[in-house]
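[1] Give me the fold of what follows.
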Amino acid sequence: MSCDRFKKCQGCVLNLVRQHLRQIDENTPTFNKEQQILTQLKQVFELLGAIIVTQEGQVQFMTQRGEQLLSQYFSPYAPDSLPEPLQNWFKHQISLLTSQGKVPSPCLPLHIEQAGKQLLVRLICDLIGEQYFLLLEEQELQSFSISSLELLGLTKREAEVLFWVAKDKSNAGIARVLGCCKGTVRKHLEHIYRKLGVQTRTAAVMVALEKLGLLKGEFVAVSS
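    Coordinates of the predicted model:
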C-alpha cells in the first residue's frame, strides 16, 4: 500500500467514526452517549489488524483480526509476545525512534510475503504513554503488468511501452510490437519520465517496481 493510500484509510476510519457520532441523539443522557461512543469505536477498531505492545514487545491488547494475521504469517508464536521476526523489526524501529527522536515513516512498513499475498505491519508511536500501536494489513501481491502500470498514472499506451522496456526491448522492437514508429515510442518515454520523475529507462523501471511494492521479479537488465 502506498503512503497516500494509507492516509486515505486513516481518513476513512475517522469519517466513519464521525458519521456514527453524528447519529447519536443529542438528547441522549451523557452516560448513554459515552457508552455508545465506546461501543462504536470498539466495533471500528475490531475490524483492524491491531496490536498494542509495550516498548519491550509485550502484547497488551490484540484484535481478533490481528490474531488471525499473526497465526497465518507466524506459526507458532506465544500470544503474550510478538513473534521473533516481528519482535526484531519492532525493536529496530524503537531504536531508531529513541536515537533519532522521530517517528519511523509509515511509508516503510514490514513486508512479509506468503502464497501470493503479503502482510504489511506499520508502527504508530505514542499511542498511550510507553505503549505502541502496530497496524497489520494483508494485501494481494501486485504484478508487473500493463494494467498495474496504469495504476501509477500512466496511459494504457505508456504502460505498454514501459512494460516492454522492462523486457529489454529497444525502441524499434517496441514500435514493432505496438505497430507505431520509433518517434512515437520516444515521445511516450518522455511522458513516462516526466510522470515518474526520472531521466532514464532503467530508472523508470526501478521506480515503477518500487511504487508497485515489488522487491523482486523476473526481469532482465535494462540498458539506459
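[2] where does the protein dip in pLDDT?
    The model of the chain has pLDDT under 70 over residues 1-35, 37-38, 40-46, 99-108, 125-129, 141-142, 215-224.
[3] quick one, strands of the chain?
    Secondary structure of the chain (DSSP state E): strands at 49-53, 59-62, 110-114, 117-128, 131-140.
[4] From the recorded domain assignment, give the ranges for the protein.
    1-47, 48-141, 146-211 (automatic domain parsing).
[5] Quick one: the strands of the chain as TSV, columns for distance to residue 71 too.
    Where C-beta positions appear, they are placed from N, C-alpha and C, glycine not excepted. Listed next are those as TSV, based on distance: least, Cβ to Cβ, whole Å:
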stretch	distance to residue 71
strand 49-53	11
strand 59-62	11
strand 110-114	12
strand 117-128	11
strand 131-140	11
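[6] Now mean neighbour count and distance to residue 183 too, for these, in TSV please.
    Formatted as TSV, the entries for the strands of the chain read as follows, by neighbours: other Cβ atoms under 10 Å; distance: least, Cβ to Cβ, whole Å:
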stretch	mean neighbour count	distance to residue 183
strand 49-53	21	50
strand 59-62	16	58
strand 110-114	15	40
strand 117-128	17	40
strand 131-140	18	38
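[7] quick one: the helices in the protein?
    Ranges of helices in the chain, per DSSP state H, are 3-22, 30-46, 64-73, 84-100, 146-150, 156-166, 171-178, 182-196, 201-211.
[8] what's the fifth one in contact with?
    Surrounding helix 146-150, the residues in contact under the criterion Cβ atoms under 8 Å, 6 or more residues apart in numbering are 142, 156, 158-160, 162-163, 208, 212.
[9] and if we set it to 7 Å?
    By Cβ atoms under 7 Å, 6 or more residues apart in numbering, the residues outside helix 146-150 that reach it are 142, 156, 159-160, 162-163, 208, 212.
[10] buried stuff in that helix?
    146, 148-149 (16 or more other Cβ atoms under 10 Å).
[11] tell me which of those is nearest to residue 137?
    Nearest to residue 137 out of the buried residues of helix 146-150 is residue 148 (Cβ to Cβ; 18.6 Å).
[12] roughly how far apart are that closest one and residue 160?
    12 Å (Cβ to Cβ, to the nearest Å).
[13] Likewise for residue 54?
    The span separating residue 54 from residue 160 equals 51 Å under the rule Cβ to Cβ.
[14] Looking at those two, which is more packed in?
    Using other Cβ atoms under 10 Å, the more surrounded residue of residue 54 and residue 160 is residue 160, with 19 against 13.
[15] ok, and the closest non-adjacent residue to that one?
    Spatial nearest neighbour of residue 160, chain neighbours left out: residue 146 (5.5 Å); criterion: Cβ to Cβ, 6 or more residues apart in numbering.
[16] and if you look at residue 82?
    Nearest residue to residue 82 in three dimensions, chain neighbours excluded: residue 57, at 4.8 Å (Cβ to Cβ, 6+ apart).
[17] which ones are touching the one you found?
    Counting by Cβ under 7 Å, 6+ apart, residue 57 makes contact with 81-82, 87, 90-91.
[18] From residue 85, how far off is it?
    Distance from residue 57 to residue 85, by Cβ to Cβ: 12 Å.
[19] One more: residue 76?
    13 Å.
[20] These two: which is more packed in?
    Remark: of residue 76 and residue 85, residue 85 carries more neighbours, 14 against 7, as counted by other Cβ under 10 Å.
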